[in-house]
Every structure is written in C-alpha cells, then in structure tokens.
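Chemist: Quick one, what's the 3D model for this:
(one chain, ligands or ions: 1)
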Amino acid sequence: MLTYQTDLIWHNGSLIERDEATDHHINHSQHYGGGVFEGIRFYDTPQWPKIFRLKEHIQRFFYSAKVVGIVLPYTEEELINACIKTVAENKISQWYIRPIAYFGKWKMGIYPHIDQLQTQVFISVWKRGKYLSEEPITVKIAKIRRIHPATSDMKAKISGHYANSIQVSLETRNDWYDEWLLLDTDWYIAEWPWENIFFINDNTICTPAEGTILPGITRATVIQLFKDTYWLSVEERMIHPDELPDFTEAFFVWTAAEVTPIWSITTQDGIVYTYQWSWDKQKYSQQMKKLYQNIVTGNVESYHSWLW
Ligand code: PMP
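Modeler: Numbers count the residues shown, from 1 in each chain. Okay, here's the model as predicted:
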C-alpha cells in the first residue's frame, strides 16, 4: 500500500510540486500501454541515503524505452543525477523511486509518432511499508499464464505487460496465499507477476532462464552473490513444476521485497510442497536474505560500488 508520496516530483528536468505533476488523459501510452518504468530502492546507510544499483535500473529504463520507441531526451548520467536529486530534495532517507516515461499528449493511432510526441519523464519518490512478511511466505500457482516472449520483449519493463499481472491479482484476490507464481504457456515456471524465483536442491541453485521473465536486477545481484560468497554458479534453465518436490528451498527476489524465502507452493490441483528449510538460519535462503540486507544498507564495503 502506498502510504506516503513526497512533495516534489521531477518532471522533464525540473522538480515541481506533487499536485502540479499531472497530465492530459489523451496520451498514447495511457491508451495503449506503451509507457516504461522502473522500481528502485534507496536505503538509510551509514553514508545516508544511498540508491541501490541505480545505474543498472537506469540502463534498463533506456532499454525498455527503446523497445517501445520512446526517445528519452536525457543521458543516463542526467537521469541518474535526477534520481539522486529527487531523493535529496524530498529529504527522506529510505524507500522507493519510480521513474516513468511515456509518449506525450494528443497523437493517437498505434504507430507512435515519435518525432511529434514530447516524451514525458516523471520521477517520484514513495515511502511504503514492508511488502511481504518477514516470515517465509505461502505461494500458489495461478491459472493465468505469463505473456509469451514471442508476443513482446520480456526484458523490457513496459506498462502494458502489467495488464497480465493485474489479471493475476484479480484472479487471486479472495485467496489467502501471500503470493502467486505464473507458469509460461508451455507449463514451465516463469515468475511471480513482480518477482523472480530461485530454487535450491542441496547445493544446486537454479532460476528460470530468460525468456518469459523480466530478468530482474535483484536476480542478477543474487546470482553474483552466490558466485562470490559460495563459489556456486546458478543454473539458468527451464524449470518444470514436476521438479517442485525435489527442491529443498525456494525464495522470491525483487527490488521492493528483496529476498523472501518461500514456505510452501501449492499447485492448481491443491498439492502442497513445503520448503520448511527456508526457516533455518543456516540455509541459503536465510543467509542470502541477510547478506542482501547488509549490502543494500551499506554494511559490506566490498559492494559499496552498487550504492549511489
Ligand atoms: N519480474 C517482474 C515482472 C517485475 O515486475 C519485477 C520488478 N518488479 C521483477 C521481476 C524483479 O525485478 P527487479 O529485481 O529488477 O526489481
């Protein structure tokens, strides 16, 4: 739940009052879903405040924009500085940054008349509570499938992709599970509508390969940390739900909720697989959760280069 939106919003180069950051409803992206956005976190660190992997998020923002034909009239460095400035001027020490870019008003028709539409870029800073509990969570496989990679570039964070996620949230609204897992159209495990997933079988770690997933920055971070900390390389491959009984641990990752161990996964047929080892402080899920938390809050010097 969005609990607090800050006073100043960056819009096309200037910081303006929140209530002035409005736009006309006749804009191409609102009608056709061609906006692009990022979700970034910043933390209260000993060098207060610092933004985690800002460069990678801004690089993905540029990539997503290119996929739908949005021309961002800024350099990467300018948008990095815009995020830093928006955080600093709003004077809050931690939480969430949401850059969004879309095609400006008046021109309709599916082909985006790039040269005639002024790109709109907004950066807002939000303060929110914890997304997920501190305890391992319960998960169910949803009926709706993840969008097929032949239909759109899944590496891009495009607003329109989230129509799929919205429908999952409606499908699952009255159930009591904490989270939902999407299969792809070939029945392989893809991701949660907002998160990537990892599975562990003793000392073998795997995660769904690129294709139907948004390859998250947290996912890349965790793959790197397995390599650096345990000398383990994560297998990026197709994972079928038939493998669920073989795994000893599972966890979700994404920027906002970080590393979240999974207690159980329930299939559409009601079969429940539990990963009770996720509770155990000695196990990878809990260790990774702790390590990630220490890194983002600036307590591991060797990863300070990830903090901006
Ligand atoms: N998959 C989807 C569909 C997402 O929207 C997100 C981000 N919310 C992720 C995975 C995780 O990406 P990141 O680690 O970059 O936040």
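Chemist: So which residues on the stretch 1-150 of the chain come close to the ligand?
Modeler: residue 39 (CB under 6 Å from any ligand atom). (Glycine included, C-beta is placed from N, CA and C.)
Chemist: ok, now the stretch 151-300 of the chain?
Modeler: 191, 193, 194, 195, 196, 214, 216, 217, 218, 219, 254, 255.
Chemist: Looking at these, which are in strands?
Modeler: 191, 196, 254 (DSSP state E).
Chemist: So which of the residues of the stretch 151-300 of the chain next to the ligand wins on neighbours?
Modeler: By neighbour count, taken as other CB atoms under 10 Å, the most surrounded of those turns out to be residue 191 (26 neighbours).
Chemist: OK, contacts around it?
Modeler: Counting by CB atoms under 8 Å, 6 or more residues apart in numbering, residue 191 touches 146, 181, 182, 197, 208, 212, 213, 214.
Chemist: For it, list each beta-bridge partner.
Modeler: residue 182 (DSSP bridges).
Chemist: How about the contacts made by residue 114?
Modeler: Residue 114 sits in contact with 69, 70, 71, 103, where contact means CB under 8 Å, 6+ apart.
Chemist: Of these, select the buried ones using a PyMOL command.
Modeler: Provided next is the PyMOL selection string for whichever of those are buried by 16 or more other CB atoms under 10 Å:
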select buried, resi 70+103
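Chemist: Max pairwise distance over the contacts of residue 114: which two?
Modeler: In these, the most distant members under the criterion CB to CB are 71 and 103, with 9.7 Å between them.
Chemist: shared neighbours, the two?
Modeler: In contact with both residue 71 and residue 103: 114, 119, using CB under 8 Å, 6+ apart.
Chemist: Per-residue confidence, whichever residue of the chain sits closest to the ligand, what does it come out as?
Modeler: With CB to the nearest ligand atom as the measure, residue 216 is the residue of the chain nearest to the ligand, at 2.6 Å. Note on residue 216: pLDDT of 98.
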